[in-house]
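# Need the 3D shape of this:
(2 chains)
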Amino acid sequence: MRIATFNVNGIAARLPRLLEWLAAARPDVACLQEIKCVDEKFPVKEVEAAGYHALVHGQKGFNGVAILSREPAVEVRRGLPGDDTDEQARYLEADVNNVRIASIYLPNGNPQPGPKFDYKLAWLARLEARAAALKAAETPAVLAGDYNVAPEDRDVFSMAAMADDALVQPASRAAFRRLVHQGWTEALRSVHPADEHLYTFWDYQAGCWPRNAGLRIDHVLLSPAVADRLLSAHVDRAARGEDKASDHAPVWIDIA
DNA sequence: ATGCCCGGAACGTCCGGA
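You can find the predicted model right below:
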């Protein structure tokens, strides 16, 4: 079973690339982030023609997550619990093939300090709580998405350039560590413990892609039962090199 | 030291992104 995460940076602008990638990578489940459209505007017909069901939690203009799956997904949760006033579409949870799947688009948090960074840390705390509930229930689960946290210095092309960025702040990293230390396996690092260039994002600006000035911010976290089934984990770098590419590369894992 | 490049909303630029 192949499970992928892909921040598409706008489903309308990215649909041709997404369809090409689905045909090439053939994931069984694909968690999408930053679809940037309301539910009614999601290209359901095109995705169904490609062989996928679509579960969509959208929003006008910004954010928005979805779960594509070859087998129908059963929706469990739309939105992250813990703040009824939060209207940003960043979390969608569903069961597919007896695995709980969460598509996650964590807040960026810039500029920091400030209210956006406070929102990021509060969102991380809510995610910790939700993940703890899944752990307590021993639900086989995959938490996949754009976490907007680069966990270690080696996950950043230049710490000098990023020193003031919300993605690398000690508070952001500490929250991500607390989440992982509940007992989740970070799939990419688990399979590639010594790889210094496991980037998943390259800014459009300043020639970041050609000079490989990237960040590792897209993560796939596995509950113990799923981690025991892990076969491989991969960053689909080729997708980032296409014309009209997203600034994120897809990441996928294979489980037995 | 700052902006670079994008997508979306909307039709002139501005916001958000990371």
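# ok, now which ones touch the closest residue to DNA strand B within chain A?
Here chain A gets closest to DNA strand B at one residue, A:Gly10, 2.2 Å apart by Cβ to the nearest atom of the strand. For glycine as for every other residue, the C-beta is placed from the backbone atoms N, C-alpha and C. Going by Cβ atoms under 8 Å, 6 or more residues apart in numbering, A:Gly10 touches A:Glu34, A:Ile35, A:Lys36, A:Cys37.
# Mind putting these into TSV with secondary structure, distance to A:Asn148 and neighbour count?
Compiled in TSV, the contacts of A:Gly10 are given as follows (DSSP: H, G, I helix; E, B strand; the rest coil; distance: Cβ to Cβ, whole Å; neighbours: other Cβ atoms under 10 Å):
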residue	secondary structure	distance to A:Asn148	neighbour count
A:Glu34	coil	11	22
A:Ile35	coil	16	31
A:Lys36	coil	16	21
A:Cys37	coil	20	22
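# For the residue nearest the centre of chain A, give the beta-bridge partners.
Central residue of chain A (Cα atoms, centre = their mean): A:Gly145, 1.1 Å from the mean position. For A:Gly145, the beta-bridge partners are A:Ile104, A:His219 (DSSP bridges).
# What residues does A:Leu215 make contact with?
Counting by Cβ under 8 Å, 6+ apart, A:Leu215 makes contact with A:Ala150, A:Asp155, A:Val156, A:Phe157, A:Met162, A:Leu167, A:Tyr199, A:Thr200, A:Phe201, A:Trp202.
# what helix or strand does A:Ser246 sit in?
Under the criterion DSSP states H and E, no helix or strand holds A:Ser246.
# and it, what are its phi and psi?
Note on A:Ser246: backbone dihedrals following degrees, to the nearest 10 are phi -70, psi 160.
# quick one: it and A:Arg14, what's the gap?
6 Å (Cβ to Cβ, to the nearest Å).
# Give me every residue in the stretch 101-250 of chain A that's in contact range of DNA strand B.
Contacts of the stretch 101-250 of chain A with DNA strand B, taken as Cβ under 7 Å from any atom of the strand, map to A:107-108, A:110, A:116, A:146, A:148, A:165, A:167, A:201, A:203-206, A:215, A:217, A:244, A:247-248.
# Those residues, buried ones only, as a ChimeraX selection?
Only the buried members of these enter the following ChimeraX selection, criterion being 16 or more other Cβ atoms under 10 Å:
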select /A:107,108,146,148,165,167,201,215,217,247,248
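# Next step: the residues of the stretch 101-250 of chain A next to DNA strand B restricted to strands.
Residues of these located in strands (DSSP state E): A:Asp146, A:Phe201, A:Leu215.
# That concludes my questions; thank you for your assistance.
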